[in-house]
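Asks: sequence first, predicted coordinates after that:
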Amino acid sequence: MDWLNSSEHQEFEHIVGLLKHLRLNWLLRHFPPRMVHALYMLLGGFVTVAILALLAFATHNPFVFPSVGPTAYLFFFTPMAKSASPRNAILGHGIGLLCGYGALLVTGAVPSPIDTHPGIYWPMIFSAALSLSVTGAVMILLRVSHPPAGATTLIVSLGLISRPRDLVILEIAVVLLAALAIGINRLAGLPYPLWNPRPTARVTS
């Protein structure tokens, strides 16, 4: 396994730790490290999103929404990136939700059922533009980097999910996803943060 001495080893180091912990490091002798990394992404993403989907099915609440996918991707593809820390994910989506709902109120872009949606109209255009721009500005001011939050704010400002109760559910879903990421990444032997991104993280965003 000459790759263990290469720079590529750092990219897969947490996966190596998990395999050793589970006594499955023999996989590295039979499969390319990138394939093992892909398997880690597959399993981590599947487990976390499946749990949220089951919760959504059981409670009939929107625990799964489009921007959960990119967040799960960051949690397991680049877990030590600043944007993948629990702090940035939870605060980032929270900012997006608040800015999206605020944009709806300011512009008067009242959401309507999809089957009777009037299409793109001026209040919706302003709502989308305002929500995304303010979300980005607030994240810069608060030093919260989490790109998937840009999708979250559009989901709200376009009226796809806009009831205050549902917005709380979306934020709870992000908290649960972050908690699952902490458990899985730490099981892998990775010093994944409990909240703030680690200042010594190898990968930054």
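Replies: Looks like it came in fine.
Asks: contacting residues for the spatially most central residue of the chain?
Replies: The centre of the chain sits closest to residue 71, judged by CA atoms, centre = their mean, with a distance of 1.4 Å. Neighbouring residues of residue 71 by CB atoms under 8 Å, 6 or more residues apart in numbering: 89, 93, 146, 148, 174, 177. (C-beta placed from N, C-alpha, C; glycine too.)
Asks: if we use 10 Å, what do you get?
Replies: With contact taken as CB atoms under 10 Å, 6 or more residues apart in numbering, residue 71 is in contact with 48-49, 83-84, 88-90, 92-93, 146-149, 151-152, 173-174, 177-178, 181.
Asks: just the ones of those residues in helices?
Replies: Secondary structure of the contacts of residue 71 is defined by DSSP state H; positions in helices are 48-49, 88-90, 92-93, 149, 151-152, 173-174, 177-178, 181.
Asks: which one of those residues sits closest to residue 191?
Replies: Residue 191 lies nearest to residue 181 out of the ones in helices among the contacts of residue 71, by CB to CB, at 13.3 Å.
Asks: so what pLDDT did the closest one get?
Replies: In this model, residue 181 is scored at 96, pLDDT.
Asks: what of residue 30?
Replies: 67.
Asks: now do the helices in the protein.
Replies: If DSSP H is used as the criterion, the helices of the chain fall at 8-21, 27-30, 33-59, 68-77, 86-107, 122-141, 149-157, 164-187.
Asks: would you turn those helices into JSON lines with distance to residue 199?
Replies: Supplementary listing: the helices of the chain in JSON lines, determined by distance: least, CB to CB, whole Å:
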{"stretch": "helix 8-21", "distance to residue 199": "17"}
{"stretch": "helix 27-30", "distance to residue 199": "30"}
{"stretch": "helix 33-59", "distance to residue 199": "24"}
{"stretch": "helix 68-77", "distance to residue 199": "18"}
{"stretch": "helix 86-107", "distance to residue 199": "13"}
{"stretch": "helix 122-141", "distance to residue 199": "19"}
{"stretch": "helix 149-157", "distance to residue 199": "22"}
{"stretch": "helix 164-187", "distance to residue 199": "18"}
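Asks: of those, which is nearest residue 197?
Replies: Distance to residue 197, taken as CB to CB, is lowest for helix 86-107 among those, at 6.6 Å.
Asks: residue 85 contacts residue 191, doesn't it?
Replies: No. With contact defined as CB atoms under 10 Å, residue 85 and residue 191 do not form a contacting pair (11.7 Å).
Asks: quick one, which of those two is more surrounded?
Replies: Using other CB atoms under 10 Å as the criterion, residue 85 and residue 191 rank with residue 85 on top: 29 against 13.
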